[in-house]
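Undergrad: Just a sequence and a predicted model for now, questions to come.
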Amino acid sequence: MGQTIIRVAKQGSKRRPRMRCYEDRKEFLSALGYTSYPEYLASDDWKKIRERKLYKHPTCLICPNDATHVHHMSYVVAVLLGLKNELLVSLCETCHSRIEFDGKRKRSLEEANRILKEKAFELGLHGWLRTVKRSLLLSQAPKETIINPGPFCVRCRDRLSQKSIKAGHNKCRWCYKN
């Protein structure tokens, strides 16, 4: 799970390769009660998650423009529920389109994430890359594996740092300041 498997159509066929990541997304959304991805994007749940992410990170990760889109780096249930905010990325519309599409062809999630990570590496965002790498590895754990990520911020649902936990705070550093 979490890996993209592209099934190539029979030779001579004009069908597009199927992308496993989007089939997995449909399965996860169904488990959450959504019939489609557009329905999920129109939901109040996604609007709150998106609003929270853009509030905390109002600038595009790649360029200095205002972020207007939030890119999912994974479609596991924890990300779709907004519990793994480090796998949601604030981007402007232009950068999001460049990552998601190769001309008119939609890229697989794996391809889009590879391009996003390359851009982040070029910009020297090594701390962000380490966090994302760890989170992606945890999100690829088998379905039956339960990962206890620790306490969450009561306001934004981000994971609390060890420093916040030791200090007895129930809010992350960002929410504690604001």
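TA: Thanks, I have the structure now.

Undergrad: which residue ranges form the strands in this protein?
TA: 6-7, 18-19, 69-72, 88-91, 101-102, 105-106 (DSSP state E).

Undergrad: Can you name every helix or strand that the fourth one contacts?
TA: Okay, so that is strand 88-91. Secondary-structure packing of strand 88-91 (3 or more Cβ pairs under 8 Å, 6 or more residues apart in numbering; DSSP states H and E): helix 44-56, strand 69-72. For the C-beta atoms, the positions are set from N, CA and C on the backbone; glycine is no exception.

Undergrad: Convert the first one to CSV, retaining C-alpha atoms only.
TA: Just to be clear, that refers to helix 44-56. Provided in CSV are the C-alpha atoms of helix 44-56 (Å, rounded to 0.1, in the frame of the first residue of the first chain):
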residue,chain,number,x,y,z
ASP,A,44,-17.0,20.0,5.2
ASP,A,45,-14.3,17.7,6.5
TRP,A,46,-11.9,18.4,3.6
LYS,A,47,-12.8,22.2,3.7
LYS,A,48,-11.7,22.3,7.4
ILE,A,49,-8.5,20.3,6.8
ARG,A,50,-7.6,22.5,3.8
GLU,A,51,-8.4,25.7,5.7
ARG,A,52,-6.3,24.6,8.6
LYS,A,53,-3.3,23.7,6.4
LEU,A,54,-3.5,26.9,4.4
TYR,A,55,-3.8,28.9,7.6
LYS,A,56,-0.6,27.3,9.0
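
Undergrad: And that helix, what's buried?
TA: W46, I49, R50, R52, K53, L54, K56 (16 or more other Cβ atoms under 10 Å).

Undergrad: need the contact list for the residue most central in space within the chain.
TA: Centroid-nearest residue in the chain: H72, 2.8 Å away (criterion: Cα atoms, centre = their mean). Shown in contact with H72 (Cβ atoms under 8 Å, 6 or more residues apart in numbering): V79, L80, L87, L88, L109.

Undergrad: give me that answer again for 6 Å
TA: Residues in contact with H72 (Cβ atoms under 6 Å, 6 or more residues apart in numbering) are V79.

Undergrad: Counting neighbours, what do you get for K163?
TA: K163 has 9 neighbouring residues, counting by other Cβ atoms under 10 Å.
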